[in-house]
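Engineer: This is the structure alone, sequence omitted:
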């Protein structure tokens, strides 16, 4: 081939990989220690790849190829997270069926992935919208139901008016929908939940199993989301009533400063109140998101009721406040305005009493214009005066226990996973409602419960499934009387909480996966995806894995699904993340036409460290394309050299071993940008030396260099491998070895100082004698300028390092 024609080369080798099924794999039980499971978070089939996809999938493909070269037995599957609201919205917009839209998008994106040269085991491909996958979602739901891990209750839920669906707590980001960024409101609905709180301690404790493979920031986010807090549960009896109000606090030392109690508007005591002003207040608060309630001004209303302070017996007023959330703690707080800023602001606004009970010193203390939230010594607290805060917490809690009005307790921020969604394009929940029998699970023999095709999309807030009589109306499995199906579908995060297990056995028709195959491949050795999934997909997947271990479906060694996690940075253009709404999208297909897949892959790995954001710059791809053409020419020129005999160049050997050593180290640390830089330096070196170096030695270096760069530019690497007259695919080659001693330079940089200041540097052989160094030093012009006509007092020589000439 005369010139580097990337189109011809890339099509040729993509066909070769497909025809020879080079990335298909199976289990080799006798090679368990060499198995390697690499996986990226599977894509939603939106229709087109974007540069974020390209970067993410290039990383995983690079790891796949590198591990194969190291002799590992690698599985690298791909599939489609293909249920979800966008398909339903498209159905409304384009008057099409979600399935048709989704499957067409999958076909388009699959073609794009192949054009990028990504090495997937396509024999394991799955799509969550197909019944051979969601059948097992339903089976898993029934198993959770049997164990009491799936249940239904009426609950205040997060509702996105724009997406017209319920959101889990984890899908609300700063009071906004995680998908469309619309403000989220609260709504009362009967919903299905997974009891993830049963595994809250395991999710915390098992972090130690992955702390070396995951970033600290992700584990911290999960830890904070689970929100384990140790404190005191306190009972405030309502005056003139048998009802009690339970509050949780980590600051029992401030109890003597509680001057009122505040309930969340959703608290059962609040909703039972009949005053028109209270009902109006509750109605207004429901229009606010949790973020607004927490940050945009505190509003409240007095209930006309009082609570009895558990120690003083004093009656203190009960208020409703928008800043108290039913989703956190008990939905009630003891208000200590002197020592909590939110309570302080509310008290000032409503002219409620403020009592100081903590002093930074063991003396009287007065507030200025804000709460004192620190710890210190108790004052105005009767028998607890002068105690330090940490001691008072224990003493006051023990007092409450004696009175039967409190206890030491631990609470968690984590709530059960709300999985009901009021939409069509998702997994039908396999439950039936009967007037006589209540909630009845569908028989496993009747799975899958298929989505009906004859559906009408209106864009309204109800699930379209409600209006399909043949789907809804069924006989009760228990009594045979008329009943109706659940019409909500499952949160799509259910699909992604176990797909990595299905890849291990994607064609199984009897079970979601076989234990033997999962035990062979799991856990995933390297997972790649965005940090934004820390408290959703990653947490849910860990939960599922632990349930499956308890069910005996998988071995305990896989109790954590992902051993190592790499969070790649975003792709930035014009100062913002690429997105359609910002109009800064770059179509990968355009780049493929102009520069080819190898140049694009090289750029996204060279332009920035993988865990940092990448600033888009098309000039960088063009530069990569020029480098590939230059590498191609170098190979041709070296091959055109005549054979030479009995020649050996030590410098060439040293650079070869040093290059392979550096690349090997950087590949192991995911330092792919510096790997590319090292290869470019090596190519520059070979260009300088090629006309005066032995051809055989040049070809040996070139062979190792091409193997090392092949994960980045697999198409051109295959072509050069063939040009070097190598048989088979470079994918099956062995990663080059290096000798650390041969990688060491025979020369070193020697420093010459005059009166302690550096005046010259030059290359010399190791262990060069002092006399030779002195002769070289005094030939340097700058040394001469600072020593001529001066008396040399002494020469300080440090072997292999420096010569300091002292003059006066």
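Structural biologist: Okay, I see it. The shown structure was predicted, so the numbers you read here are calculated from the model rather than taken from an experiment.
Engineer: Return the distance of residue 407 relative to residue 254.
Structural biologist: Counting by Cβ to Cβ, to the nearest Å, the separation of residue 407 from residue 254 is 17 Å. Where you see a C-beta, it was placed from the backbone N, CA and C, and this is true even at glycine.
Engineer: whoops, residue 55 was the one
Structural biologist: Taken as Cβ to Cβ, the span from residue 55 to residue 254 is 50 Å.
Engineer: before we move on, what about residue 305?
Structural biologist: Taking Cβ to Cβ, one finds residue 305 at 22 Å from residue 254.
Engineer: So for those two, which sits in the more crowded spot?
Structural biologist: A side-by-side neighbour count of residue 305 and residue 254, using other Cβ atoms under 10 Å, places residue 254 first with 27 against 20.
Engineer: Could you count how many residues lie near residue 210?
Structural biologist: Around residue 210 there are 18 residues (other Cβ under 10 Å).
Engineer: before we move on, what about residue 410?
Structural biologist: Residue 410: 12 neighbours (other Cβ under 10 Å).
Engineer: Assign the closest residue in space to it that isn't next to it in sequence to helix, strand or coil.
Structural biologist: The shortest distance from residue 410 to any non-neighbouring residue, by Cβ to Cβ, 6 or more residues apart in numbering, is to residue 230 (5.1 Å). Assigned by DSSP: H, G, I helix; E, B strand; the rest coil, the conformation of residue 230 is strand.
Engineer: In contact with residue 230: list those residues for me.
Structural biologist: Shown in contact with residue 230 (Cβ atoms under 8 Å, 6 or more residues apart in numbering): 250, 408, 409, 410.
Engineer: And it, how far from residue 411?
Structural biologist: Relative to residue 411, and taking Cβ to Cβ, residue 230 is found at 8 Å.
Engineer: which residues touch the residue most central in space within the chain?
Structural biologist: Centroid-nearest residue in the chain, with Cα atoms, centre = their mean: residue 531, separated by 3.1 Å. The contact partners of residue 531, taken as Cβ under 8 Å, 6+ apart, are 215, 217, 218, 221, 567.
Engineer: Report the helix or strand with the lowest average pLDDT across the protein.
Structural biologist: helix 290-295 (a mean of 74; mean pLDDT, DSSP states H and E).
Engineer: helices and strands around it, which ones?
Structural biologist: The helices and strands touching helix 290-295, judged by 3 or more Cβ pairs under 8 Å, 6 or more residues apart in numbering; DSSP states H and E, number zero.
Engineer: Paired strands for the helix or strand that that helix is followed by, with orientation please.
Structural biologist: Per DSSP states H and E, the first helix or strand lying C-terminal to helix 290-295 is strand 300-308. Next to strand 300-308 in the sheet, as set by DSSP bridges, lie strand 229-238 (antiparallel), strand 315-321 (antiparallel).
Engineer: tell me the most buried of those?
Structural biologist: Most buried of the strands paired with strand 300-308, by mean neighbour count (mean count of other Cβ atoms under 10 Å): strand 315-321, with a mean of 21.
Engineer: Touching that one from outside, list them.
Structural biologist: Counting by Cβ under 8 Å, 6+ apart, 238-239, 245, 258-265, 267, 269-270, 278, 281-282, 298-303, 305-309, 335, 346, 350, 352 sit against strand 315-321.
Engineer: again with stretch 653-663
Structural biologist: 674-675, 678-679, 681-682, 685, 697, 700-701, 704-705, 708, 736-740, 742-746.
Engineer: Filter those residues down to the ones in helices?
Structural biologist: The members of the contacts of stretch 653-663 that map onto helices under DSSP state H are 674-675, 678-679, 681-682, 685, 697, 700-701, 704-705, 708, 740, 742-743.
Engineer: Can you flag the buried ones in the residues you listed?
Structural biologist: Neighbour-count burial (16 or more other Cβ atoms under 10 Å) applied to these gives 674, 675, 678, 679, 682, 685, 697, 701, 704, 705, 708, 743.
Engineer: Give me the residue ranges of the protein where confidence is low.
Structural biologist: 1-2, 168-170, 291, 362-364, 458-461, 580-581, 645-646 (pLDDT under 70).
Engineer: what comes up buried for the lengthiest helix in it?
Structural biologist: Scanning the chain for the longest helix, with DSSP H as the assignment, gives helix 618-639. Neighbour counts over helix 618-639 (16+ other Cβ under 10 Å) mark 620-621, 623-625, 627-629, 631-632, 634-635, 638 as buried.
Engineer: same question, stretch 95-109
Structural biologist: Buried-residue list, stretch 95-109, by 16+ other Cβ under 10 Å: 97, 98, 99, 101, 102, 103, 105, 106, 108, 109.
Engineer: Show me what that stretch is in contact with.
Structural biologist: 43, 45-49, 80, 82, 87-88, 90-91, 94, 127, 129, 424-425, 453, 455.
Engineer: What's the PyMOL line that selects buried ones from those residues?
Structural biologist: Buried members of the contacts of stretch 95-109, defined by 16+ other Cβ under 10 Å, are picked up in PyMOL with:
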select buried, resi 43+45+46+47+49+80+82+87+88+90+91+127+129+424+425+455
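Engineer: Which of the contacts of stretch 95-109 fall in helices?
Structural biologist: Those of the contacts of stretch 95-109 lying in helices (DSSP H): 87, 88, 90, 91, 94.
Engineer: Tell me who's in contact with the last one.
Structural biologist: Looking back up the chat, that one is residue 94. Applying Cβ under 8 Å, 6+ apart, the residues contacting residue 94 are residue 101.
Engineer: now the first one
Structural biologist: Contacts here follow Cβ under 8 Å, 6+ apart; on that basis residue 87 touches 98, 99, 101, 102, 129, 425.
Engineer: Against residue 451, how distant is it?
Structural biologist: With Cβ to Cβ as the criterion, residue 87 and residue 451 are 12 Å apart.
Engineer: Could you give the number of residues near residue 271?
Structural biologist: 14.
Engineer: what's it in contact with, if anything?
Structural biologist: Contacts of residue 271 by Cβ under 8 Å, 6+ apart are 265, 282.
Engineer: Would you check how far apart it and residue 265 are?
Structural biologist: For residue 271 relative to residue 265 (Cβ to Cβ), the value is 8 Å.
Engineer: so what's in contact with these two at the same time?
Structural biologist: residue 282.
Engineer: Backbone dihedrals for residue 60, both of them.
Structural biologist: Phi and psi for residue 60, reported as degrees, to the nearest 10, are phi -70, psi -40.
Engineer: Would you mind telling me which of the strands paired with strand 300-308 is nearest residue 643?
Structural biologist: In terms of Cβ to Cβ, the element of the strands paired with strand 300-308 nearest to residue 643 is strand 229-238, at 75.7 Å.
Engineer: Could you identify the helix or strand that succeeds that closest one?
Structural biologist: strand 244-249.
Engineer: Buried ones in that following strand, by neighbour count?
Structural biologist: Those would be 245, 247, 248, 249, for strand 244-249 by 16+ other Cβ under 10 Å.
Engineer: do stretch 663-673 as well
Structural biologist: Buried-residue list, stretch 663-673, by 16+ other Cβ under 10 Å: 663, 664, 666, 667, 670, 671, 672, 673.
Engineer: Can you name the two of those residues that sit furthest apart?
Structural biologist: Farthest pair in those, by Cβ to Cβ: 664 and 673, 15.7 Å.
Engineer: List the beta-bridge partners for residue 377.
Structural biologist: Under the criterion used (DSSP bridges), residue 377 bridges to residue 359, residue 388.
Engineer: So it is in contact with residue 356, correct?
Structural biologist: No. Using Cβ atoms under 8 Å, residue 377 is not in contact with residue 356, being 11.6 Å away.
Engineer: Check which helices and strands the longest helix of the chain sits against.
Structural biologist: Against helix 618-639 (3+ Cβ pairs under 8 Å, 6+ apart) you get helix 588-595, helix 597-606, helix 672-689, helix 695-709, helix 714-723.
Engineer: following it, which helix or strand comes up?
Structural biologist: Next along from helix 618-639, by DSSP H and E: helix 650-668.
Engineer: out of the contacts of residue 230, who's nearest residue 775?
Structural biologist: Distances from residue 775 to the contacts of residue 230, taken by Cβ to Cβ, are shortest for residue 250, at 75.8 Å.
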